[in-house]
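>>> pasting a predicted model and its sequence here:
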Amino acid sequence: MARVLGIIAEYNPFHNGHLYHLQKSIQETECDYVIAIISGNFVQRGNSSVINKWKKAEMALKSGVNLVIELPTIYSISSAENFAFGAIKILNELKIVKSVSFGTETGDMAALNNIANLLVQEPKKYQYILQDELKMGVSFPKAREIAVLKVFNDNRRYGNIMSSPNNILAIEYLKSIKRLKSFMKPHLVKRERVFYNDDAVVDDFASATAIRRLLSRNQTEDLSRVLPKSSYEIL
């Protein structure tokens, strides 16, 4: 039976970092086909995509994805939790996806899984700490992070995990897999060289944030370095 890999992304736009993640995921999972769930014309926080959903799909297909499915807008502009749940639910309902790959700032899958288990189970100790922090006026994301750190009592291992955007999304993907009792196996690819909001171009890599800034400044000469040829031509 064919091995099908699922990937969840915004591809806003599809760049060399995405290509690295895609190719490494294919290699490490030994999959036969790739299905990508991607946001459409609107992305997280309600911003418009820099290109329309058809062009995003074309970029993905020309770079090695076999099938693109749009993540409905109700999920794509929502919180990390809803974004992840909507995408994982779609992949799970297809009933052919064997594994799901996502990029993270950490390489510690066990730590991410431990946090996901804690947030799904919500033991009393966690709930008490969370409520105490919220009563002191701490925002929910920060209160949750503090509660997690206090429960595990291992800042060296868990200290920076929940402050990184892709780690947070990874935890939400894991939570959704658990809540849906899915048989899909999570797979991690650690991000290299540049991270989520980095503004620098490093070798042939730049974050999507940096690429969008280059576009806004009309610095298109730098884009050919950080985008696959097909993506550059489409853009």
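Cool, the structure landed.

>>> now residue 169: how far from residue 224?
Shown here: residue 169 relative to residue 224, a distance of 29 Å by C-beta to C-beta, to the nearest Å. Quick note: C-beta positions are derived from backbone N, CA and C, even for glycine.

>>> no no, residue 166
25 Å.

>>> show me which of these two is the more surrounded one.
residue 166 (17 against 14; other C-beta atoms under 10 Å).

>>> which residues in this structure form strands?
Assigned by DSSP state E, the strands in the chain fall at 4-9, 33-39, 67-71, 97-104, 185-190.

>>> mind listing the strands the longest one pairs with, and their directions?
Within its sheet, strand 97-104 is paired with strand 4-9 (parallel), strand 185-190 (parallel), according to DSSP bridges.

>>> where's residue 16 relative to residue 144, distance?
Distance of residue 16 to residue 144, computed by C-beta to C-beta: 33 Å.

>>> brain fart, residue 75
21 Å.

>>> then residue 46?
22 Å.

>>> of those two, which one has the most company?
residue 144 (21 against 10).

>>> OK, contacts around that one?
119, 130, 162 (C-beta atoms under 8 Å, 6 or more residues apart in numbering).

>>> touching, the first one and residue 176? I think so.
In this case it means residue 119. No - Residue 119 is beyond contact range of residue 176, at 11.0 Å (criterion: C-beta atoms under 8 Å).

>>> between those two, who's got more neighbours?
Neighbour count, other C-beta under 10 Å: between residue 119 and residue 176, residue 176 has more, with 25 against 19.

>>> confidence score at the closest residue to the more buried one other than its chain neighbours?
Computed as C-beta to C-beta, 6 or more residues apart in numbering, the closest residue to residue 176 that is not its neighbour in sequence is residue 88, at 3.8 Å. Per-residue confidence at residue 88 stands at 98 (pLDDT).

>>> again, but for residue 196
Model confidence at residue 196 (pLDDT) stands at 52.

>>> next: residue 210.
pLDDT, read off for residue 210, is 85.

>>> count the residues that sit near it.
20.

>>> same check, this time on the one 10 residues further on
Other residues near residue 220 come to 11 when the count uses other C-beta under 10 Å.

>>> and it, how far from residue 230?
Residue 220 is 16 Å from residue 230, by C-beta to C-beta.

>>> same deal with residue 8?
Going from residue 8 to residue 230 by C-beta to C-beta gives 21 Å.
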